[in-house]
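Colleague: Build the 3D model from these lines:
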Amino acid sequence: MVIQKFSVSKLINSPPQIIYSIIADYNIGHPGILPKPPFVSLEVKKGGVGAGTEMIVKLKMFGKVQSYHAVVTEPEPGKTLVETTDTGYITTFSVESRKNGNSCLVTFSTEIANYSGIMKKFEFWVTSKLLQPVYKKELENLASEANKEIYINHNDH
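Modeller: Residues are numbered from 1 along each chain as shown. So this is what the prediction gives:
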């Protein structure tokens, strides 16, 4: 079995705690950064923040709405979140501190087990080509949302 993987990273000028808290919040934060389209909805079924969250995500691709069930784990709380779907995709969100905690490198990566076969390879190739620009937009949305959070936090004082 071969694992195929693609990823997109962005350096964001916000503290890692803020970035991670947005990604880990599946009730408000994470749904708020999902690019629409292709994402249609994210419905929390259990939990809602970090590990133990279960959700149904719907996205529209090729003119058809597809849904999948995902479960969230946190191998490194505060640094790494992993969504494992019932379709065999595993997406990892990693947040690495930079510049003494004033910014961070955020990486979204997706992997799929390739049980060989030309169709799985083709599916992965198409998926990676479609999702890379989506991840880039999601990272831009994340940076924008984090800057709002910082602005709000500064005004609370």
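
Colleague: can you give me the helices for the protein?
Modeller: Using DSSP state H, the helices found in the chain span residues 16-24, 29-33, 118-155.

Colleague: Just give me the neighbour total for residue 147.
Modeller: By other Cβ atoms under 10 Å, the residues close to residue 147 number 14. All C-beta atoms are positioned from the backbone trio N, CA, C, and that covers glycine.

Colleague: one step back: now the helices of the chain as a markdown table including distance to residue 10 and mean pLDDT?
Modeller: Compiled in a markdown table, the helices of the chain are given as follows (distance: least, Cβ to Cβ, whole Å; pLDDT from 0 to 100):
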| stretch | distance to residue 10 | mean pLDDT |
| --- | --- | --- |
| helix 16-24 | 10 | 96 |
| helix 29-33 | 12 | 96 |
| helix 118-155 | 4 | 81 |
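
Colleague: Out of the ones you listed, flag the one nearest residue 9.
Modeller: helix 118-155 (7.8 Å; Cβ to Cβ).

Colleague: hang on, the earlier thing: now that we have the helices of the chain, can you turn them into JSON lines and tack on distance to residue 45?
Modeller: Supplementary listing: the helices of the chain in JSON lines, determined by distance: least, Cβ to Cβ, whole Å:
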{"stretch": "helix 16-24", "distance to residue 45": "16"}
{"stretch": "helix 29-33", "distance to residue 45": "13"}
{"stretch": "helix 118-155", "distance to residue 45": "21"}
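
Colleague: so which of the ones you listed comes closest to residue 82?
Modeller: Residue 82 lies closest to helix 16-24 among the helices of the chain, at 11.3 Å (Cβ to Cβ).

Colleague: Who are the packing partners of that closest one?
Modeller: For helix 16-24, the contact count by 3 or more Cβ pairs under 8 Å, 6 or more residues apart in numbering; DSSP states H and E identifies helix 29-33, strand 80-85, strand 89-98, strand 103-114, helix 118-155 as packing neighbours.
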